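coordinates only, sequence not included:
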């Protein structure tokens, strides 16, 4: 190098900074142009080569110990534009030579000067140290997987097991040595098990899957619920070498879910029985009160009539409450298979049914002329809009030009519906619990107050469908209820 310190070909900008970082990281590194002219050399590399072998402006060919080797390396570089662990013999100090590994990548300047080649030089000893470190890292990672409480199985592109950890053996009851180097069909003999596993993994191998649950019958005959997640096994060069499958025992979760489902059914049956038992005496009370009014109403004084009115009103309120409770309990029951529902058609039906109430309050209801179809139950969608619009009518209050607007908007994989009114609004402290059962915003103007179950039904329907419901309101500025309906699988 004749004692001269080489300078980077680019001054300032990202290129110089990157070169400095690379020199700090690799130390023995230099750069050549696409014409194979040496344009930059790191300081540590000067001490490795012969003083005449690595001068700025010289040809890349001059660093090699033989012309034949230089020709081979240059030809390979021209064909690939990169080199990886290329073993060569280079000119060293005191007219000697030394073996080394070259790694070459393309480097683009940030100032429009065209690409160059960055070359990292590693001695055989240094490469051996790197290999040992990599082996140790792989052994370390293998130890982590081996010790993992979660079951891990790796498959090659042909479905042959290349790795399985002890947790996989414990979970599915098949020894690791039986699984290794065999296709899944050879070690899963039970046809039902095989169909369930293949069904869980039958996805595009370029994509990840999460939480596919299925029941697996182990070798000892016991059944276990397994949740399968999988990811393509991508290597450093970007190629896919199969799939890594993660298995988790979710038997306890399924048992809890089944127990909860049974308790819900028991609770729903209890609600039905209690509602029926309550309705019979309630019908008698209301019937006798109405009979008393017809036969002796003229003989009753004002105070007695007031008591009779209270009996009738309380009985009617109790009847409505029982009806709403039954409706609420039926929301979680299994419905007919989901279908595409025309929400506009439902809204038109409600406009016709609610016309007497709308006319009585001189209230205008605007519905969309077009809206996305949603997948679900038509009955439940009718319940949602009947409750939201009915709630808006009941709590409108005294405002000029009362208006209710229903809107629909497509948002990613869901449809968001809104029901907005310009009524009295809801105080902030009441909004948090407004969707809970038996919670209702007091309405002194309403002759027949609600039971506080309508909005709870709306939330339950939305959550059962995988959606959500929320409210935005302020006193004196109206209220807007929003409900989202997922459209996955349409």
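That came through fine. Predicted model, so just to flag it, every value in this text is computed and none were measured.

so where do the helices sit in the stretch 101-250 of the chain?
Here the stretch 101-250 of the chain has its helices, by DSSP state H, counting those that start in this stretch, at 124-147, 166-172, 176-179, 184-187, 191-201.

average pLDDT across the fourth one?
By that I understand helix 184-187. Average pLDDT, helix 184-187: 62.

next one: the longest one
If you average the pLDDT over helix 124-147, you get 78.

who's in contact with that helix?
Helix 124-147 is contacted from outside by 85, 99, 100, 101, 122, 152, 163, 165, 166, using Cβ atoms under 8 Å, 6 or more residues apart in numbering. C-beta coordinates here come from the backbone N, C-alpha and C atoms, glycine included.

Verify the stated contact: the fifth one with residue 101.
Yes - in terms of Cβ atoms under 8 Å, residue 122 counts as a neighbour of residue 101; the distance is 4.6 Å.

doesn't residue 340 fall inside a strand?
Yes - judged by DSSP: H, G, I helix; E, B strand; the rest coil, residue 340 forms part of a strand.

quick one: secondary structure of residue 30?
Under three-state DSSP, residue 30 comes out as strand.

For it, which non-adjacent residue is spatially closest?
Once flanking residues are discounted, residue 30 sits nearest to residue 41: 4.3 Å by Cβ to Cβ, 6 or more residues apart in numbering.

distance of the one you found from residue 119?
10 Å (Cβ to Cβ, to the nearest Å).

tell me how far the helix of greatest length in the chain is from the chain's mean position?
Secondary structure assigned by DSSP state H gives helix 251-296 as the longest helix of the chain. Counting by Cα atoms, centre = their mean, to the nearest Å, helix 251-296 is centred 39 Å from the centre of its parent chain.

Also compute the angle for the next helix or strand after that helix relative to helix 251-296, please.
Next helix or strand after helix 251-296 toward the C-terminus (DSSP states H and E): helix 302-331. With axes from the mean of the first three to the mean of the last three Cα atoms, to 10 degrees defining the directions, helix 302-331 sits at 150 degrees from helix 251-296.

which strands and helices sit next to helix 302-331?
Applying 3 or more Cβ pairs under 8 Å, 6 or more residues apart in numbering; DSSP states H and E, we find helix 302-331 packed against helix 251-296, helix 378-394, helix 454-464.

Now list whatever residues contact both of residue 41 and residue 119.
Here residue 41 and residue 119 have 30, 31 as joint contacts, going by Cβ under 8 Å, 6+ apart.

packing partners for the longest helix of the chain?
Checking 3+ Cβ pairs under 8 Å, 6+ apart, helix 251-296 ends up next to strand 223-234, helix 302-331.

any idea of the pLDDT on residue 227?
88.

Which residues does it form beta bridges with?
residue 213, residue 248 (DSSP bridges).

check contacts around it.
With contacts defined as Cβ under 8 Å, 6+ apart, residue 227 is in contact with 211, 212, 213, 247, 248, 249, 250.

cool, and residue 88?
By Cβ under 8 Å, 6+ apart, the neighbours of residue 88 are 64, 69, 73, 99, 100, 101, 102.

looking at the sheet around it, what are its partners?
With DSSP bridges as the rule, residue 88 is bridged to residue 100.

Kindly confirm my reading that residue 476 is in a strand.
No - judged by three-state DSSP, residue 476 forms no part of a strand; its state is coil.

Enumerate every residue touching it.
With Cβ under 8 Å, 6+ apart, residue 476 has these contacts: 424, 425.

what's the answer for the one 10 residues further on, then?
For residue 486, the residues meeting the contact criterion (Cβ under 8 Å, 6+ apart) are 413, 414, 465, 466, 467.

Greatest separation within those: which pair is it?
In terms of Cβ to Cβ, the contacts of residue 486 reach their longest pairwise distance at 413 and 465, which sit 12.7 Å apart.

between these two, which one's more packed in?
residue 465 (21 against 11; other Cβ atoms under 10 Å).

list the buried ones in stretch 86-105?
Neighbour counts over stretch 86-105 (16 or more other Cβ atoms under 10 Å) mark 86, 88, 90, 91, 92, 98, 100, 101, 102, 103, 104 as buried.

got it, and stretch 139-150?
residue 145.

Make residue 1 into 52 and carry on from there
Taking 52 as the first residue, the last one we looked at is stretch 190-201.

any idea how far the residue with the largest distance to the centre of the chain is from residue 344?
In the chain, residue 350 marks the outermost C-alpha relative to the chain mean, sitting 69.9 Å out by Cα atoms, centre = their mean. Distance of residue 350 to residue 344, computed by Cβ to Cβ: 11 Å.

Walk me through the domains of this protein.
The chain breaks down by automatic domain parsing into domains covering 64-182, 199-300, 302-385, 387-541.

Mind putting the ones you listed into CSV with distance to residue 191?
As requested, the domains of the chain are exported to CSV (distance: least, Cβ to Cβ, whole Å):
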stretch, distance to residue 191
domain 64-182, 15
domain 199-300, 13
domain 302-385, 32
domain 387-541, 40
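
on that earlier part again, relative to residue 276, which of the buried residues of stretch 137-156 is nearest.
Closest to residue 276, out of all of the buried residues of stretch 137-156 and judged by Cβ to Cβ, is residue 154, at 48.5 Å.

picking up where we left off before, pick out the lowest-pLDDT one from the buried residues of stretch 137-156.
Where pLDDT dips furthest among the buried residues of stretch 137-156: residue 143, at 77.

Show me what it is bridged to.
Under the criterion used here (DSSP bridges), residue 143 is bridged to residue 100.

and the most centrally placed residue in the chain, what does it touch?
Centroid check for the chain by Cα atoms, centre = their mean gives residue 261 as the closest residue, at 9.2 Å. Each residue near residue 261 by Cβ under 8 Å, 6+ apart is listed here: residue 280.

Quick one, grab the pLDDT at it.
pLDDT, read off for residue 261, is 74.

Now do it against residue 278, distance only.
Using Cβ to Cβ, we find residue 261 at a distance of 9 Å from residue 278.

Distance check, residue 520 against residue 416.
From residue 520 across to residue 416, the span is 20 Å (Cβ to Cβ).

cool, residue 98 as well?
Taking Cβ to Cβ as the criterion, residue 98 is separated from residue 416 by 86 Å.
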